[in-house]
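K.L.:
dropping the sequence and predicted coords here.
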Amino acid sequence: MSDAPPPPYRWFDLHVIRTERVSPSLMRVTLGGDRLGEMVTGGRDQRFKLFLPQPGQAAPVLPEDLGIGWYAEWRTQDPAVRAVMRSYTVRELRYEPAELDVDFVQHGEHDEGTGHSGPASHWSRTARPGDRVAILGPIAEENGGVDFQPPAGTDWVLITADESALPAAAGILAWLPAGTPAKVWIEVSHPDDVQDLPTAAEADITWLIRDKPTDQPVLEAVRSADLPAGTPYAWIAGESGTIRTLRRHLVSDRGFDRRTVTFTGYWRRGATEEDLLAELG
């Protein structure tokens, strides 16, 4: 008998409750299900795995082994049949009734070559109440799916995001303790993508509007910014090439300790998530 603790996640069979176009670049899909009330979140940039059906399927085709071997089996399944798998951030998890909001980036429907256009974006635009999905989601607050982890002694935080990371940035700002100094830059493709981001932190939030899909205004904004004194912690997320350049600037030019910079490429220009998964072998 193993004394290992149970995994901090489980599978949930969910369905679409409603959809809402919250901005030109974001479609919100609200999910529900009988056992969704068992899901919890560590807040901040809490991620989970979303599994979507292929076109023509009534429900996603999942591995038979839903234990620790699920990923290896999923990789061996026929790509034309197996569930479409994506990583997403909890935008909001509510109870009574239990509902999960997930925001899907939409500008890929217009911008060729960005890497955003794909089956998940299309599914969110065409989803209807009752459509079935599955998720692998957390059932414990400490679950390994939260990357925003400022160390003890942090004096202020720096946050950058684009549309793909906007739900995570919103979750982080909502979680930050009252009075936390924060410098925040959020890059979007349309003025109507700007939204209210409630926070108790002392957050200086700057919205940056791209003129064209290949622009990277966040780089110049951070490079030219006057940053606070004290010990920083940075969380930067979005297009992977932009994030690599920004991390190099913070560490090499600004003197950030590389251990205090959390960086995540949510997507890569010109690549789909299938491309990125294939590179993992």
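P.N.:
Now that the structure is in, tell me what you want to look at.
K.L.:
and Ala127, what is it in contact with?
P.N.:
Ala127 sits next to 16, 19, 29 when contact means C-beta atoms under 8 Å, 6 or more residues apart in numbering. Any C-beta I mention is one placed from the backbone N, CA and C, and that applies to glycine too.
K.L.:
the second one: neighbouring residues, count only.
P.N.:
Read that as Thr19. Thr19 has 18 neighbours, counted by other C-beta atoms under 10 Å.
K.L.:
same check, this time on Thr154
P.N.:
15.
K.L.:
tell me the SS of it?
P.N.:
Following DSSP: H, G, I helix; E, B strand; the rest coil, we place Thr154 in the coil state.
K.L.:
what does the pLDDT read for it?
P.N.:
For Thr154, the pLDDT comes out at 98.
K.L.:
and the closest residue to it other than its chain neighbours, what is it in contact with?
P.N.:
Excluding the flanking residues, the one nearest Thr154 by C-beta to C-beta, 6 or more residues apart in numbering is Tyr233, at 4.3 Å. Tyr233 sits next to 150-151, 154, 156-158, 260-262 when contact means C-beta under 8 Å, 6+ apart.
K.L.:
doesn't Tyr233 belong to a strand?
P.N.:
Yes: assignment of Tyr233 by three-state DSSP places it within a strand.
K.L.:
for Leu66, which non-adjacent residue is spatially closest?
P.N.:
Trp11 (5.4 Å).
K.L.:
where does the protein dip in pLDDT?
P.N.:
1-4, 107-117, 271-281 (pLDDT under 70).
K.L.:
after the longest strand anywhere in it, next one along is what?
P.N.:
Taking DSSP state E as the criterion, the chain has its longest strand at strand 9-23. Using DSSP states H and E, the helix or strand that follows strand 9-23 towards the C-terminus is strand 26-32.
K.L.:
partner strands of that following strand and their direction?
P.N.:
In the sheet, strand 26-32 lines up against strand 9-23 (antiparallel), strand 99-105 (antiparallel) (DSSP bridges).
K.L.:
and the angle from the following helix or strand past it to strand 99-105?
P.N.:
Toward the C-terminus, strand 26-32 is succeeded by strand 47-52 as the next helix or strand (DSSP H and E). Angle, strand 47-52 to strand 99-105, by axes from the mean of the first three to the mean of the last three C-alpha atoms, to 10 degrees: 80 degrees.
K.L.:
give me the contacts around strand 47-52.
P.N.:
9, 60, 62, 83-90, 102, 119-120, 123, 133-138, 145-147, 168.
K.L.:
one more pass at 7 Å, please.
P.N.:
Contacts with strand 47-52, where a contact means C-beta atoms under 7 Å, 6 or more residues apart in numbering, come from 60, 62, 83-90, 102, 119-120, 123, 133-138, 145.
K.L.:
kindly report the same for stretch 260-272.
P.N.:
With C-beta under 7 Å, 6+ apart as the criterion, stretch 260-272 contacts 113-116, 118, 147-149, 151, 164-165, 232-241, 243, 247, 250-251, 276.
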